[in-house]
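>>> Got a predicted model here, sequence first, then my questions.
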Amino acid sequence: MKISLKLLLLCITVLLYLPIHAVTDEKNQNSYPEHRQALQLINESLQYLEKAQAEKKTGNSILYQQYIQISDIKLKTSQSIIRNYLIKTRSTELQNSLHSIKSKNLQLQDEFRENISRLRQLKDKITLSEELIYNNSLNNLESALSRIDDAEQVDATIYSSGLLTQAYSHYKQASTYHKNGDYEQSVLESEKSIELAKQAYKQAVDKYSSNEKLLNELSNIFGFNSDIIDGSLTLTSNDIFSPKSDSIRFDLYPSLDKITEVIRNYDNLLIEVKSYNNSYKSSRKNLELSKKQKDTIIAYFISKGIGQTSFIENRYPAKELTNQRKIEIILKAS
Amino acid sequence: MSRLFLIKLEFALILLFIISVSISINKTVHAQSSDINNHIDSITALIEEVEKFNKYIPEDSLNQPKAFIQSITGDTKGDVDSELINKMALSIIEYLNALETEAKNKFELEKTSQNIIEEQKKHERLIKYNSEITQELNKFK
């Protein structure tokens, strides 16, 4: 009866203790559960060790061994729990590092993608720009050639050969640059060519018009034939001088006066006088006569008010001036 | 009631008590034996599981559980208190569970370390690529 009462009291005590113990444990387990668990296991291990010592004293070697083994395994379990705690701690640190480096990498990846996109855009723009320059270069070349053709159509080869030659030279240069892929330089050169070709065209048209006008004004002058030869108005006469004479025939003075009058109306005319003679057998004499005749005509024009600077003098081969007899007054627009 | 009847009743009750006690003992012994068998199965399964992560646990850490299984299935079984064997089995199960957790966590730790190394390499590569592409972009400025 006494034993039953004692057992009952023990049960009541255990039942009362359990909830209180659970509450207190719950609080502590939140902080270091592994440490508490390990400590508990170490305690248990020590308890079994004590039991083993007691069994050793009584001489029960089998129980001693069993208790020792349980004590040992409890101790090892506690060690494993502590190691696991350290691993978890380290793992948390590494996870944080991993998270940090991953987020950095994501940022870098975004930056990289953005840069790639920018680079592509730039390269696309450059490609587009290169295409534009290429097309521009090609168009300019075609345009330059077309302008040169236009200029040639209006006899720019005669009236403004210098400009046309330059235009063609720039066109060739532009063409070479284009072939070599230097489209920007090609564009610059072809633009120069276009400009020069335009100028050549305009000059040719102007000179042609001027010549046409001159031709109209000088077409019916007595003793002179007028024509446009090599872009210059050329007045030809066989009758100004009698053979072997350097005196102007009196009936042709009005004609020379008329020519003088027309010339004075133009500021930009250059005059070239050429005298051809074959009256003598000697070329030297023919040349001397040609020079005298030329000087006579020039002197007459100067006496009529035409500036000395308007006259140009070219050297001609003796043979050319001595194989026929005629006077040429060539009027060139400067 | 006659005295004979009372004697018979007493005898019957004693017999009934003896039978019930025997059944109870048998049941307890059988239950203990069944518990131990379950523990052996659990321990064997845990050992197999932990062995998969062999490189992540201390050397010889499975010796004791293996020795226990051998001893418990061997001839010496009868010499030891079954309650004590039960306690030991539970301790070993607890130990193996701790080892398994440790090994798996260690495996995860190693995996994380490896991931960090790879991410660091990636980081270096990205820095290099970004530097190169920035230089390339600067050419267009």
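Structure's in. What do you need?

>>> going forward, measure contacts and count neighbours with C-alpha atoms only.
Fine.

>>> so where does residue 99 fall, helix or strand?
Just so you know, I chose chain A. helix A:61-153 (DSSP states H and E).

>>> that's the other chain; I wanted chain B
Going by DSSP H and E, B:L99 is part of helix B:82-138.

>>> A:A167 too?
Per DSSP H and E: helix A:161-179 holds A:A167.

>>> Just give me how far the very next helix or strand once past the helix holding A:H99 sits from the chain centre.
Downstream of helix A:61-153, the next assigned helix or strand under DSSP H and E is helix A:156-159. When distances are taken as Cα atoms, centre = their mean, to the nearest Å, helix A:156-159 is centred 36 Å away from the chain's centroid.

>>> what does helix A:156-159 rub up against?
A:A151, A:L164, A:A200, A:Y201, A:Q203, A:A204, A:V205, A:K207, A:Y208, A:D230, A:G231 (Cα atoms under 8 Å, 6 or more residues apart in numbering or on different chains).

>>> and A:S161, what pLDDT?
pLDDT recorded at A:S161 is 89.

>>> What count of nearby residues applies to it?
Counted with other Cα atoms under 10 Å in any protein chain shown, the neighbours of A:S161 add up to 17.

>>> Identify the residue spatially nearest to it, adjacent ones excluded.
A:A200 (7.6 Å; Cα to Cα, 6 or more residues apart in numbering or on different chains).

>>> how about the residues of chain B that lie near chain A?
Within chain B, the positions adjacent to chain A are B:64, B:80, B:84, B:87-88, B:91-92, B:94-96, B:98-99, B:101-102, B:105-106, B:108-109, B:112-113, B:115-116, B:119-120, B:122-123, B:126-127, B:129-130, B:133-134, B:136-137, B:140 by Cα under 8 Å from any Cα of the partner chain.

>>> Just the buried residues of those.
By neighbour count, with 16 or more other Cα atoms under 10 Å in any protein chain shown, the residues of chain B next to chain A hold B:88, B:91-92, B:94-96, B:98-99, B:101-102, B:105-106, B:109, B:112-113, B:115-116, B:119-120, B:122-123, B:126-127, B:130, B:133, B:137 as buried.

>>> OK, contacts around the residue nearest to A:S161?
Here A:A200 is in contact with A:A151, A:A156, A:Y159, A:S160, A:S161, A:L163, A:L164 (Cα under 8 Å, 6+ apart).

>>> out of those residues, who's nearest A:F224?
Among the contacts of A:A200, A:Y159 lies closest to A:F224 (Cα to Cα), at 23.4 Å.

>>> Around that closest one, count how many other residues there are.
Neighbour number of A:Y159 under other Cα under 10 Å is 27.

>>> Just give the number of residues close to the closest residue to chain B within the stretch 201-334 of chain A.
For the stretch 201-334 of chain A, the residue closest to chain B is A:Y201, as judged by Cα to the nearest Cα, at 42.4 Å. Residues near A:Y201, counting by other Cα under 10 Å, number 27.

>>> Surely it touches A:V154?
Yes. With contacts defined as Cα atoms under 8 Å, A:Y201 counts as touching A:V154 at a distance of 6.8 Å.

>>> What score does B:H30 have for pLDDT?
64.

>>> Look at A:Y253 and report its pLDDT.
pLDDT, A:Y253: 92.

>>> Without its sequence neighbours, what residue ends up closest to the residue of the stretch 201-334 of chain A closest to chain B?
A:Y201 sits nearest to A:A151 (Cα to Cα, 6+ apart), 4.3 Å away.

>>> my read: B:H123 touches A:N105, true?
Yes. B:H123 lies in contact with A:N105 (Cα under 8 Å); the separation is 5.6 Å.

>>> in chain B, which segments are predicted with low confidence?
B:1, B:28-33, B:74-80 (pLDDT under 70).

>>> In it, which residue is most central in space?
Note on chain B: the residue nearest the mean C-alpha position is B:I93, at 3.6 Å, using Cα atoms, centre = their mean.

>>> if I read this right, it contacts B:I43, doesn't it?
Yes. The criterion here is Cα under 8 Å, and B:I93 meets it with B:I43 at 5.9 Å.

>>> Closest residue of the stretch 151-300 of chain A to chain B?
A:E184 (17.8 Å).

>>> Any idea how many residues pack against that residue?
17.

>>> Now do the contacts for it.
By Cα under 8 Å, 6+ apart, the neighbours of A:E184 are A:I133, A:S137.

>>> And it, how close does it get to A:Y177?
For A:E184, the distance to A:Y177 (Cα to Cα, to the nearest Å) stands at 8 Å.

>>> What of A:D251?
For A:D251, the distance to A:Y177 - Cα to Cα - is 63 Å.

>>> the more surrounded of these two?
A:Y177 (20 against 12).

>>> ok, that one touching A:L188?
No. Contact status for A:Y177 versus A:L188: not in contact, 9.9 Å apart, counting by Cα under 8 Å.

>>> Contacts only, for A:Q293.
So, once contact is read as Cα under 8 Å, 6+ apart, A:Q293 ends up touching A:F241, A:S245, A:D246, A:S247, A:S275.

>>> For the nearest residue to the fourth one once chain neighbours are set aside, grab phi and psi.
Ranked by Cα to Cα, 6+ apart and with sequence neighbours excluded, the top spatial neighbour of A:S247 is A:F241, at 6.0 Å. Recorded main-chain torsions at A:F241 are phi -110, psi 140, according to degrees, to the nearest 10.

>>> and A:F241, how many residues sit next to it?
18.

>>> And for B:E48?
Neighbours of B:E48 (other Cα under 10 Å): 12.

>>> Same question for A:S303.
Neighbour tally, A:S303, other Cα under 10 Å: 11.

>>> and what of A:K74?
Neighbours of A:K74 (other Cα under 10 Å): 26.

>>> Let me know whether A:L164 touches A:L196 as I believe.
Yes. Look at A:L164 against A:L196 with Cα under 8 Å: they come within range, at 6.8 Å.

>>> Give me the more crowded residue out of the two.
Just comparing A:L164 and A:L196: by other Cα under 10 Å the higher neighbour count belongs to A:L164, 28 against 24.
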